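# Coordinates for the following, if possible.
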Amino acid sequence: MIMRLPQAIARLKSSSMLKRLFPKAPEPAVSVADPFGRRRHLAPPRNKARFTLAIGLFVCVYAVIGGRLVMWGAVPNERASYFGARDQIMAARPDIVDRNGEVLATDIKTASLFAEPKNIVDADEASELLLSVLPDLDAKVLYRRLSSKAGFVWLRRELTPAQQQQILDLGIPGVGFRTEKRRFYPGGSTASHIVGIVNVDNQGIAGMEKYIDDSGYRDIQNAGLAVGNDLEPVKLSIDLRVQHIMRDELAAAMVRYKAIAAGGVIIDVSTGEVLAMASLPDYDPNNPGDALKKENMNRMSAGVFEMGSTFKSFTTAMALDSGKVKITDSFDTSPFRVSGFTIKEFHSKHRPLSVPEIFKYSSNVGSAHEADAVGIDFHREFLTRLGLLSRLKTELPEVASPTQPAVWKKINSMTISYGHGVATTPLQTAVAAVALMNGGFLIPPTFLPRTAQEADAVKTRVVSEKTSGEMRYLYQLNGEEGSGRSANVAGYRVGGKTGTAEKVINGRYVGNKRFNAYLASFPIEAPRYVVLVVVDEPQPEEGKGVGATAASNAAPTVAAIIRRSATLLKVKPEFEEPGKSLLVSY
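Numbers count the residues shown, from 1 in each chain. Presented below is the predicted three-dimensional model:
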């Protein structure tokens with residue numbers, strides 16, 4: 001038993017009862033020597049477990065804070081995410097300028113109003129305050145937005161500075177402003193159909209604004225690279241001064257002749273550049289909602305019309321270019337029937353007419369005989385060659401497709417010869433006339449600057465140089481002796497062809513509703529420009545004793561445009577001796 005006593009003592013020492021009775025003695029103090037050799041005693045650490053616990057708590061707290069910061073940085077809230085996307089959408093757009101550098105479209109900064117509904121204290125009070133400044137807001141929609149649980153909502157885009165200040169003075173919590181880019185058009189409606197418009201997100205949706213986006217700018221936007229102000233301006237071919245003159249004269253013509261619409265275009269015959277193009281009624285692109293009105297459409301490129309006797313330009317050119325008709329030939333102009341229809345003259349001369357007389361007197365019967373001489377297939381192929389039967393290719397997105405008979409018969413070819421049966425855009429008509437004036441080359445029209453060398457690379461011969469020369473002679477003849485006399489301008493010899501077409505309404509021609517046009521070129525002895533003016537449903541001018549044909553309204557409007565713009569187009573006037581004709585004999 002004595003031998004077992006040590007084991008019993010050891011067991012007793014390890015028991016929990018002994019530990020409670022005799023707690024463990026504190027660890028001895030640690031002794032260290034100071035720099036002077038004296039001994040210092042450090043107290044042993046106390047509550048080591050509590051210290052470890054406190055360290056652990058601090059680590060956990062800071063880990064949570066760091067985790068939240070990482071989460072907020074990696075997963076942005078609704079407002080930050082929305083603004084991040086808006087930074088790409090609201091990127092800077094390049095300025096649009098005319099050929100002389102005059103600004104047509106530019107970006108300005110504007111404020112837009114937003115709310116964070118979660119931070120709105122009283123949605124009803126906030127709605128009343130906002131309506132006091134913006135009474136046109138829908139009260140129900142406004143309240144619904146402010147009382148929602150959304151993190152971000154737009155309330156009004158593009159505020160005026162005055163509106164912004166008034167709302168700031170209200171001091172509404174949870175309401176703020178976002179600086180955005182807004183498109184501004186200094187010229188207003190002067191060139192609206194050419195320049196186009198943007199939507200509320202500053203993205204081009206019409207005209208050259210849309211062309212810019214479709215040509216690569218939208219990709220730059222989406223990549224977030226269009227955020228600076230160093231984008232190169234987009235220069236157009238139009239001359240703002242000439243554009244203003246054209247629009248001004250068209251507006252005056254609408255009033256003078258009580259017309260429902262009017263339009264015009266000027267094209268450089270050497271390059272195909274459009275120097276001016278307008279269509280009235282139009283709209284102010286600073287108020288883009290008006291662009292949606294049907295009456296404000298771009299009739300010059302987006303509308304198709306039967307162009308009437310202006311088409312006789314192409315019929316005569318076709319007959320001469322085919323080699324089957326010579327300029328010295330003559331045709332009977334007596335009325336005749338074909339396929340149950342009678343083709344007759346508007347003003348008959350009651351005798352055969354030569355080709356120049358057919359053109360000068362605008363003979364329907366003579367034109368029908370010219371078309372019959374070349375045949376249906378050649379007729380259709382020739383108009384296709386001049387681009388009159390297919391959709392025009394140019395930068396403007398608003399371009400309509402021409403209409404033509406599904407099956408061409410003899411009667412179709414004959415009526416088309418004098419402008420009935422095919423509907424095309426006025427812009428196409430002017431482009432085709434350019435080929436008749438410039439030596440026989442069809443040049444795609446452009447609203448961007450183009451040099452003569454660049455034009456040479458894209459032009460296509462469609463008629464012979466001889467035919468082009470003969471057509472210049474016929475235009476000059478009609479300008480001096482025919483229906484184009486009212487388009488003459490002193491010092492600037494103008495030649496051309498009138499067209500007075502009855503409009504088709506509900507499938508029938510209506511005699512008292514006309515679509516008039518004058519297709520002209522000047523100076524006609526060496527053409528530099530083609531000018532086309534159209535007047536829709538004109539009325540006789542009061543007190544003038546004249547009718548409502550193109551010679552009475554469209555031709556004088558061309559004269560007014562040329563008279564004011566010729567010097568700006570760098571065409572010098574030349575005055576010939578009174579009574580002396582410069583016509584070249586054929």
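
# which residues does the residue nearest to the spatial centre of the chain contact?
Nearest residue to the geometric centre of the chain (CA atoms, centre = their mean): residue 207, 1.2 Å. Contacts of residue 207 were listed using CB atoms under 8 Å, 6 or more residues apart in numbering, and they are 192, 193, 194, 195, 196, 197, 396, 397, 398. For the C-beta atoms, the positions are set from N, CA and C on the backbone; glycine is no exception.

# And for it, nearest residue in space, chain neighbours not counted?
In this structure, residue 207 finds its nearest non-sequential neighbour in residue 196, 1.9 Å apart by CB to CB, 6 or more residues apart in numbering.

# The helix or strand hosting residue 62 - what's its average pLDDT?
Secondary-structure element containing residue 62, defined by DSSP states H and E: helix 48-74. Over the span of helix 48-74, the pLDDT mean works out to 69.

# Which pLDDT value belongs to the residue nearest to residue 207?
97.

# Please report the distance of it from residue 203.
11 Å (CB to CB, to the nearest Å).

# Likewise for residue 58?
Per CB to CB, residue 58 is found 52 Å from residue 203.

# who has more neighbours, the two?
Ranked by neighbour count (other CB atoms under 10 Å), residue 58 and residue 203 place residue 203 first, with 18 against 10.

# Report the buried residues of stretch 131-143.
Across stretch 131-143, burial judged by 16 or more other CB atoms under 10 Å covers 133, 134, 137, 142, 143.

# Next: stretch 441-461.
By 16+ other CB under 10 Å, the buried positions in stretch 441-461 come out as 441, 442, 443, 444, 445, 446, 447, 448, 450, 455, 459.

# Mind putting the residues you listed into JSON lines with secondary structure and pLDDT?
As requested, the buried residues of stretch 441-461 are arranged in JSON lines below (DSSP: H, G, I helix; E, B strand; the rest coil; pLDDT from 0 to 100):
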{"residue": "441", "secondary structure": "strand", "pLDDT": "98"}
{"residue": "442", "secondary structure": "strand", "pLDDT": "98"}
{"residue": "443", "secondary structure": "coil", "pLDDT": "98"}
{"residue": "444", "secondary structure": "coil", "pLDDT": "97"}
{"residue": "445", "secondary structure": "coil", "pLDDT": "98"}
{"residue": "446", "secondary structure": "strand", "pLDDT": "98"}
{"residue": "447", "secondary structure": "coil", "pLDDT": "98"}
{"residue": "448", "secondary structure": "coil", "pLDDT": "98"}
{"residue": "450", "secondary structure": "coil", "pLDDT": "98"}
{"residue": "455", "secondary structure": "helix", "pLDDT": "97"}
{"residue": "459", "secondary structure": "coil", "pLDDT": "97"}
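
# Among the residues you listed, which one lies nearest to residue 339?
residue 442 (32.0 Å; CB to CB).

# Looking at the contacts of residue 207, which two lie furthest apart in space?
So, the contacts of residue 207 by CB to CB: farthest apart are 192 and 397, at 14.4 Å.

# Who has more neighbours out of these two?
Each of residue 192 and residue 397 has its neighbours counted (other CB under 10 Å); residue 192 has more, 27 against 18.

# residues contacting residue 520?
Counting by CB under 8 Å, 6+ apart, residue 520 has contacts 475, 479, 484, 487, 494-497, 530-533, 555, 558, 562.
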